[in-house]
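S.K.: my questions are about this predicted structure, shown below with the sequence.
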Amino acid sequence: QVQLVESGGGLVQAGGTLRLSCAFSGRTFSDYTMGWFRQAPGKEREFVAASTWFSGTTGHADSVKGRFTASRDNAKNTLYLQMNSLKPEDTAVYYCAARRGTYTIAPEEYGYWGQGTQVTVSS
């Protein structure tokens, strides 16, 4: 069974940086498409970024493109999200997700989820 554990969230001022990590265990990490999603209070969960190692595909939502970068280290079974130039509207709970399949940005296609980590950006 896949297990995902996020870390790295916190409180940061606007313009600051954070790096989130997602530790993957239970299966072969490189077989999985890994995604980052976020959910702000009163809003639906939204796609942030995703990475599929076997197809070499990595994508980011338009709202974070140029500021956030998703990457993965298959040797460490870890997914990262480097977040630069943070804005108050980035405030949300950030979730790591995994699916054994091709790249997709649809959250309903991901079968495994972490517990989430809170990111709060103050103005």
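M.R.: Received it, and whenever you're ready, just let me know what you need. Predicted model only: the values in this text are computed from it and were never measured.
S.K.: after the lowest-mean-pLDDT helix or strand in the chain, next one along is what?
M.R.: Least confident element among the helices and strands of the chain, by mean pLDDT, DSSP states H and E: strand 57-60 (a mean of 93). Per DSSP states H and E, the first helix or strand lying C-terminal to strand 57-60 is strand 68-73.
S.K.: wait, a helix at Glu89?
M.R.: Yes. Judged by DSSP: H, G, I helix; E, B strand; the rest coil, Glu89 forms part of a helix.
S.K.: one step back: for the least confident helix or strand of the chain, which positions count as buried?
M.R.: Under the neighbour-count criterion of 16 or more other Cβ atoms under 10 Å, strand 57-60 has 58-60 buried. Where C-beta positions appear, they are placed from N, C-alpha and C, glycine not excepted.
S.K.: who does it touch, helix- and strand-wise?
M.R.: strand 46-52, strand 68-73 (3 or more Cβ pairs under 8 Å, 6 or more residues apart in numbering; DSSP states H and E).
S.K.: contacts for it next, please.
M.R.: With Cβ atoms under 8 Å, 6 or more residues apart in numbering as the test, strand 57-60 has contacts from 48-52, 68-71, 103, 105.
S.K.: pairing partners for it, with directions?
M.R.: Counting by DSSP bridges, the strands paired with strand 57-60 are strand 46-52 (antiparallel).
S.K.: quick one: the strands in the chain?
M.R.: Taking DSSP state E as the criterion, the chain contains strands spanning 3-7, 10-13, 18-25, 33-39, 46-52, 57-60, 68-73, 78-83, 92-99, 112-113, 117-122.
S.K.: for the third one, what is the average pLDDT?
M.R.: Meaning strand 18-25. When pLDDT is averaged along strand 18-25, the result is 98.
S.K.: grab the most central residue of this structure for me.
M.R.: Ranked by distance to the mean C-alpha position of the chain (Cα atoms, centre = their mean), the top residue is Trp36 at 2.2 Å.
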